[in-house]
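Asker: I would like to see how this sequence folds:
(one chain, ligands or ions: 2)
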Amino acid sequence: MIKQTIAFLGAGSMAEAMISGMVESGNISADQIIVTNRSNQDRLNEINDKYGVRTVLKDDLDFSQVDQLILAMKPKDIDAVLEDLRYKLNPNQVLVSVLAGISTSYMEDRLNDGQEVIRVMPNTSSTLRESATAMCPGHYTDMENVLVSKALLQSIGEVFIIPEDKMDVFTGIAGSGPAYFYYLMEHIEETGRAEGMDSKTLREIGAQTLLGAAKMMLEGEESPAELRKKVTSPNGTTAAGLDALEESGGGDAISAAIKGAAGRSKELSKEIEGLLVGSK
Ligand SMILES: NC(=O)C1=CN([C@@H]2O[C@H](COP(=O)(O)OP(=O)(O)OC[C@H]3O[C@@H](n4cnc5c(N)ncnc54)[C@H](O)[C@@H]3O)[C@@H](O)[C@H]2O)C=CC1
Ligand SMILES: O=C(O)[C@@H]1CCC=N1
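Answerer: Numbers count the residues shown, from 1 in each chain. Ligands and ions are numbered 1, 2, ... in the order given. Predicted structure coming up:
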């Protein structure tokens with residue numbers, strides 16, 4: 001059971017996915033979670049009704065109660081938020097950021113000396129405690145705090161501690177990744193509907209097929225290529241399907257999606273730094 005008090009800055013979709021998973025896990029109680037945003041009281045009321053967590057507008061947050069502060073607003077708001085936090089956080093209150101493209105050193109440079117910072121990249125499957133979450137501690141973060149933060153993140157899925165220079169590609173694969181599978185399903189459903197099947201049945205068939213394949217990869221010893229070969233009978237239906245996929249650029253499209261998202265993660269940090277130079 002986690003003993004610390006956690007506060008969220010930002011109450012959007014990613015914050016809600018994490019809150020939902022954390023409360024559901026039972027590893028932290030709802031009253032140890034405080035959720036804030038700038039001004040949308042209706043949204044805070046909605047989050048309080050759904051999950052029983054404490055909510056308060058950001059300017060009314062009592063920072064002395066907070067052990068870990070999770071940044072979950074948009075990357076473009078980072079400078080204003082760090083400027084404010086510089087005067088409110090003490091260095092041993094851990095700042096955990098889920099913001100795409102914002103590095104630990106970017107945050108450390110704008111906060112008090114020795115500020116403990118952790119950069120993480122969860123995904124929205126946190127809702128069901130099935131996130132693939134990356135974690136990367138900053139320069140001053142105490143190992144004990146890393147472990148507490150890791151335990152908290154493990155309550156919403158699997159955690160991977162990775163070097164920071166791999167955060168962009170991780171974001172392209174796992175942070176944005178659920179969207180690729182939803183896009184795939186949208187096309188599966190569209191194709192099935194055109195053949196006269198109903199959406200509800202198609203969703204169950206498509207999702208079960210994805211789930212089965214995911215479990216085969218996670219629970220078995222075989223590589224994806226070996227598993228693919230087992231599905232592919234000589235001169236059969238799968239061979240025809242894979243040929244069509246290859247001819248339509250399926251493999252390249254997947255690589256392009258990951259590279260596109262990873263590139264945007266890199267670009268976001270440059271944009272933020274550009275904005276800062278422009279504002280001086
Ligand atoms: N949506 C996703 O799948 C993932 C999102 N992220 C990251 O999570 C962050 C939030 O993304 P979403 O939830 O999708 O966005 P969103 O637009 O749904 O939520 C942003 C929230 O931040 C609040 N906010 C804005 N400025 C604020 C401030 N100064 N202080 C306090 N609250 C403030 C807004 O009121 C809103 O509740 C982004 O930085 C994104 O990079 C990371 C991983 C996955
Ligand atoms: O689209 C985005 O920028 C965020 C970060 C990863 C997933 N969603």
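Asker: what does this protein put close to ligand 2?
Answerer: Residues of the chain lying near ligand 2 by Cβ under 6 Å from any ligand atom: 100, 171, 175-176. C-beta here means a position set from N, CA and C on the backbone, and glycine is covered the same way.
Asker: What about the residues you listed, which one has the most neighbours?
Answerer: Tallying neighbours with other Cβ atoms under 10 Å puts residue 175 at the head of these, with 26 neighbours.
Asker: ok so, going back, can you lay out the residues of the chain next to ligand 2 as TSV showing secondary structure, pLDDT and distance to ligand 1?
Answerer: TSV is the format used below for the residues of the chain next to ligand 2 (DSSP: H, G, I helix; E, B strand; the rest coil; pLDDT from 0 to 100; distance: Cβ to the nearest ligand atom, whole Å):
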residue	secondary structure	pLDDT	distance to ligand 1
100	coil	98	3
171	helix	98	7
175	helix	98	4
176	coil	98	7
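Asker: Tell me which two in those residues are the farthest apart.
Answerer: Greatest spatial distance among the residues of the chain next to ligand 2 (Cβ to Cβ): 100 and 176, at 8.5 Å.
Asker: Surely residue 259 and residue 171 touch.
Answerer: No. Applying Cβ atoms under 8 Å, one finds residue 259 not in contact with residue 171, separated by 11.5 Å.
Asker: in the protein, what secondary structure element scores lowest on mean pLDDT?
Answerer: helix 250-279 (a mean of 86; mean pLDDT, DSSP states H and E).
Asker: elements contacting that one?
Answerer: helix 78-85, helix 104-109, helix 167-170 (3 or more Cβ pairs under 8 Å, 6 or more residues apart in numbering; DSSP states H and E).
Asker: Show me which residues of the stretch 151-280 of the chain sit near ligand 1.
Answerer: So far as Cβ under 6 Å from any ligand atom goes, the stretch 151-280 of the chain lies against ligand 1 at residue 175.
Asker: what about the stretch 151-280 of the chain, any weak spots by pLDDT?
Answerer: Residues of the stretch 151-280 of the chain that meet the criterion pLDDT under 70 lie in 275-280.
Asker: Try it again at 50.
Answerer: The model of the stretch 151-280 of the chain has pLDDT under 50 over residues 276-280.
Asker: which residue sits closest to the closest residue to ligand 2 within it, ignoring its sequence neighbours?
Answerer: With Cβ to the nearest ligand atom, the shortest gap between the stretch 151-280 of the chain and ligand 2 falls at residue 175, namely 3.4 Å. Closest residue to residue 175 apart from its sequence neighbours, by Cβ to Cβ, 6 or more residues apart in numbering: residue 121 at 4.6 Å.
Asker: The one you found bridge partners, please.
Answerer: Beta-bridge partners recorded for residue 121 (DSSP bridges): residue 134.
Asker: how many neighbours does it have?
Answerer: Residue 121: 25 neighbours (other Cβ under 10 Å).
Asker: How much space separates it from residue 43?
Answerer: 23 Å (Cβ to Cβ, to the nearest Å).
Asker: do the same with residue 34
Answerer: 14 Å.
Asker: higher neighbour count, these two?
Answerer: Counted by other Cβ under 10 Å, residue 34 and residue 43 do not tie: residue 34 has more neighbours, with 19 against 16.
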